[in-house]
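In: Turn this into a structure:
(2 chains)
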There are 2 protein chains.
Amino acid sequence: MADTELALLTATQAAAEIARGAISAEDYSRACLKQIAEIDKKIHAFVHLDPEHVLTQARALDERKASGQALGPLHGVPVAIKDIFDTADYPTECGSPILTGRRPYRDATAVARLRAAGAVIIGKTVTTEFAYFHPGPTRNPHDLERTPGGSSSGSAAAIAAGMVPLAIGSQTNGSMIRPAAFCGVFGVKPSHGLISRTGAVTLSRKLDHVGAFARSLSDLGLILDVLAGHDPQDADTRPVASPNFRAFAGEKPPLPPRFAFVRTPIWEKADPATREAFDQIAAHLDEACFTLDLPESFAGAWDAQRVIMAADMAHNLGPVVERGGEAGSSKTLRDFLAEGREVKATRYLGAIEEARALATTLADVFNHCHAIITPATIGVAPKGLQATGNPAFCSLWTLTGLPALSLPLLTGEGGLPLGLQLVGAPGDDARLLRTANWLVEKLGKGAGRRRAKG
Amino acid sequence: MADTELALLTATQAAAEIARGAISAEDYSRACLKQIAEIDKKIHAFVHLDPEHVLTQARALDERKASGQALGPLHGVPVAIKDIFDTADYPTECGSPILTGRRPYRDATAVARLRAAGAVIIGKTVTTEFAYFHPGPTRNPHDLERTPGGSSSGSAAAIAAGMVPLAIGSQTNGSMIRPAAFCGVFGVKPSHGLISRTGAVTLSRKLDHVGAFARSLSDLGLILDVLAGHDPQDADTRPVASPNFRAFAGEKPPLPPRFAFVRTPIWEKADPATREAFDQIAAHLDEACFTLDLPESFAGAWDAQRVIMAADMAHNLGPVVERGGEAGSSKTLRDFLAEGREVKATRYLGAIEEARALATTLADVFNHCHAIITPATIGVAPKGLQATGNPAFCSLWTLTGLPALSLPLLTGEGGLPLGLQLVGAPGDDARLLRTANWLVEKLGKGAGRRRAKG
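Out: Residues are numbered from 1 along each chain as shown, chains lettered A, B, ... in the order given. Okay, here's the model as predicted:
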């Protein structure tokens, strides 16, 4: 296989080829490194990458295989890591000059789990400053003058540009789903608490989620199989057994899924082409889809999300940003922390309670459908690298902790990717993948990627 | 047995006599009702009590036994319930005129567990207004001109006066340990999350604990066996198996326990007689006891407890108290809620984090001892019924969620009871009972109740 072909295998394919000995971990890592060397000069997805260290990891994995030892499910598969996750072998700087050169002593739990599964930790990807809004240098592979979205900018761009098959990121507002949509890749923000956040920078215990990007739904299942699980150090993870995500995702649903098309109270923020694309999808799905208007109580969700995020960030990041002085941080971040410092505890507690009430209401929706269809973003990736786009279509599902996927099924303005967001019942991530698979087949076959006017 | 003798049985004894058929549940309830009729005119421990309903419950339990059905561990044992726990058969007014005549539809989880174990829910006991400071009419059985302590005033007084063998209460600051100490009974404030709070008024999820009063440590074990356990509706309870508290409490420790005498940073608040009594206890225990000074970080615990309690109460009770208008609540309560409304979210989150850090530090103490010895209160029950006494010696253990007992082993000024507080490792409630048993034998034998000067 040529290096380019190799680099474009899905993770599932690559792991199988390596496991049966058709390719070596070293060959595969070399192919990915070659892609990165050629493309990343323009994209700037990676912030820390050491080719020699990558090949050392890959050769050790090949030796392990040669010696007949058991292989993990990601044996030899390179995974890129958003630079907010601690890594024992790469610096972790969280996109902030305050943390330049910071070297953690140990891997974050998510990274450790990947390593234990045989993954090659290929490098660290660009994050916005402390996973908030101030952007890094990453460009959108579909149009270098556009943002890749944030805050998991580098991870999404690295998948879209064909540099790696898998990458992890995080979402506190719209930081997984938005870049997945802008970059036209598969992205998952799982149920709150499915994946441990130990060793990742904390913005908000209530809102922080670890997620993953990939080229296929099967690959998302593969990486969730490795990442999901209880961590006594992360009180939001639960000591319950995980399903086999990849196997479950590939199964045929016993009944054709039903979808609820949810416009949400911020529908008017979506641009006309996006609104029309989603109205068409709903019409195309016909009897498989009904339109659901959320109750009025949902109008406050965006403010609740903002209150919790601001107060939690002021608490968690305030001291370190303050120590950094004015030169150490963006005005965007400092202004938000200042806003957070003014939040009253009763308002904060009210917002937490509101989130719980909304989640309870939403849980009931899934007695009537298998998944919610809703836009991932207000439109395609906007021009310019000074901002990362509007996260509004993600906030509600982050606040309520429901699992969400961005599926690259639509095309918007200028042929740019537009994400279809699929939201599932809380804790029902495996079924959401299975439902998504059904939808990809249904919409993908024949139609190819659907084009929105604009 | 004469009624007075009957009424003074411990719960363990009574349950055994009823189980073997020596006395009936009805006889035993009648004996307790007779005591209440004679004594409670002066004590005012009960706020809702219906003798006919009590006897109906008792007769139904006797019929159950006669029909050969399985008996619960509290079969036929009357238990008094602090009037902040919902009961389907009695009003639940939380000591507030705003809730006069309130009739819940269902039992709180703790009450339901007692009922399922065969307990007779004998009646509801006086609480201070919403379990905060404004007192109810209850008097201290040891001196009618003194407070019984609060907020679980009626439950503690009912045990002390010999009206019932068991009662439940709650603690958000010092509401179990303080009245237990002032009334000279055994009281337990278990580990945070050991007992479900579903269906009890919420002051603060972080600080609220359900506890119990009894005449013996064995009785506390018996009621913990019934009350402890996971409740999916109370996220602070955990799905782990409970030990057999009563059996464990009665076992001989494999090694003689070691104690840490902790004066705490507020030692100077204790009156001289109390300080001397505890210095003597420590000296008497000799090698079994070492003195431990807490690190300076503990000085902030009292402020942290206050911040969390004020903000949580403003959030949880603010709306209902506001609806009640000025006439519906005490100035004490309104002032505290106003203080809570001013707390900033970052201060609140800082206090929560501080509590966690202090709990971690304290957990390490139990690598060096089996229990902490410390005063339960600053002294004996103060004169007057306008206040319920100082909770300062309880705040730290409430904030950190450690299990605590008040043991009626000491006598202070005027022959009044003085409580010895024993604090255990988090989640180690059963061992704490066993250690307490050892201490009661050690200090009780020969010396009888120890007298503090004053």
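
In: What is the neighbour count of the closest residue to A:Y132 other than its chain neighbours?
Out: The shortest distance from A:Y132 to any non-neighbouring residue, by C-beta to C-beta, 6 or more residues apart in numbering or on different chains, is to A:L333 (5.3 Å). Bear in mind the C-beta positions are built from the backbone N, C-alpha and C, glycine included. Here the number of neighbours of A:L333 (other C-beta atoms under 10 Å in any protein chain shown) works out to 21.

In: Please give the element, helix or strand, for A:L333.
Out: helix A:331-341 (DSSP states H and E).

In: Alongside chain B, which residues does chain A contribute?
Out: With the criterion set to C-beta under 8 Å from any C-beta of the partner chain, chain A comes near chain B through A:239, A:311-312, A:314-315, A:318, A:340-350, A:353.

In: Filter those down to the buried ones, ChimeraX style.
Out: Of those, the buried ones can be selected in ChimeraX as follows, counting by 16 or more other C-beta atoms under 10 Å in any protein chain shown:
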select /A:311,312,314,315,318,340,341,343,344,345,346,347,348,349,350
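
In: So which of the residues of chain A next to chain B are in helices?
Out: Residues of the residues of chain A next to chain B located in helices (DSSP state H): A:311-312, A:314-315, A:318, A:340-341, A:345-350, A:353.

In: Can you add pLDDT and give the residues you listed back as TSV?
Out: Shown next, in TSV, are these (pLDDT from 0 to 100):
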residue	pLDDT
A:A311	98
A:D312	98
A:A314	98
A:H315	98
A:G318	97
A:G340	98
A:R341	98
A:A345	98
A:T346	98
A:R347	98
A:Y348	98
A:L349	98
A:G350	98
A:E353	97
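
In: Can you lay out those as JSON lines showing distance to A:R106?
Out: JSON lines is the format used below for those (distance: C-beta to C-beta, whole Å):
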{"residue": "A:A311", "distance to A:R106": "29"}
{"residue": "A:D312", "distance to A:R106": "24"}
{"residue": "A:A314", "distance to A:R106": "27"}
{"residue": "A:H315", "distance to A:R106": "24"}
{"residue": "A:G318", "distance to A:R106": "25"}
{"residue": "A:G340", "distance to A:R106": "29"}
{"residue": "A:R341", "distance to A:R106": "31"}
{"residue": "A:A345", "distance to A:R106": "34"}
{"residue": "A:T346", "distance to A:R106": "38"}
{"residue": "A:R347", "distance to A:R106": "37"}
{"residue": "A:Y348", "distance to A:R106": "32"}
{"residue": "A:L349", "distance to A:R106": "34"}
{"residue": "A:G350", "distance to A:R106": "37"}
{"residue": "A:E353", "distance to A:R106": "36"}
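
In: list the buried ones in the helix holding A:L333?
Out: A:333-334, A:336-337, A:339-341.

In: Equivalent analysis for stretch A:247-255, please.
Out: A:248-249.

In: Just the CA trace of it, in CSV.
Out: Extracted in CSV, the C-alpha atoms of stretch A:247-255 (Å, rounded to 0.1, in the frame of the first residue of the first chain):
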residue,chain,number,x,y,z
ALA,A,247,-20.1,-3.9,17.9
PHE,A,248,-23.4,-2.3,19.0
ALA,A,249,-23.0,0.6,16.6
GLY,A,250,-22.7,-1.9,13.7
GLU,A,251,-25.9,-3.8,14.5
LYS,A,252,-29.0,-3.3,12.5
PRO,A,253,-31.7,-1.6,14.6
PRO,A,254,-34.5,-4.0,15.5
LEU,A,255,-37.0,-1.4,14.3
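
In: hmm, who's touching it?
Out: Residues outside stretch A:247-255 that contact it (C-beta atoms under 8 Å, 6 or more residues apart in numbering or on different chains) are A:217-218, A:220-221, A:370, A:430-431, A:433-438.

In: Centre of the chain to it, how far?
Out: 23 Å (C-alpha atoms, centre = their mean, to the nearest Å).

In: do the same with stretch A:431-444
Out: Distance of stretch A:431-444 from its chain centroid, counting by C-alpha atoms, centre = their mean, is 18 Å.

In: For that stretch, what does the pLDDT average out to?
Out: Averaged across stretch A:431-444, pLDDT comes to 95.

In: My guess is A:H370 contacts A:A288. True?
Out: No - assessed by C-beta atoms under 8 Å, A:H370 is found out of contact with A:A288, at 9.5 Å.

In: More neighbours: which of these two?
Out: A:H370 (24 against 16).

In: pull the CA atoms of stretch A:212-230 into CSV?
Out: What follows is stretch A:212-230, C-alpha atoms only, in CSV (Å, rounded to 0.1, in the frame of the first residue of the first chain):
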residue,chain,number,x,y,z
ALA,A,212,-13.3,12.0,20.0
PHE,A,213,-13.0,12.7,16.2
ALA,A,214,-12.8,10.1,13.5
ARG,A,215,-13.4,9.2,9.9
SER,A,216,-16.2,6.8,10.5
LEU,A,217,-18.8,5.9,13.1
SER,A,218,-17.2,2.5,13.6
ASP,A,219,-13.9,4.3,14.6
LEU,A,220,-15.8,6.4,17.1
GLY,A,221,-17.2,3.1,18.6
LEU,A,222,-13.7,1.7,18.7
ILE,A,223,-12.2,4.7,20.6
LEU,A,224,-15.2,4.9,23.0
ASP,A,225,-14.6,1.2,23.8
VAL,A,226,-11.2,2.3,25.0
LEU,A,227,-12.0,5.6,26.7
ALA,A,228,-15.3,4.9,28.5
GLY,A,229,-15.3,3.7,32.0
HIS,A,230,-15.3,4.5,35.7
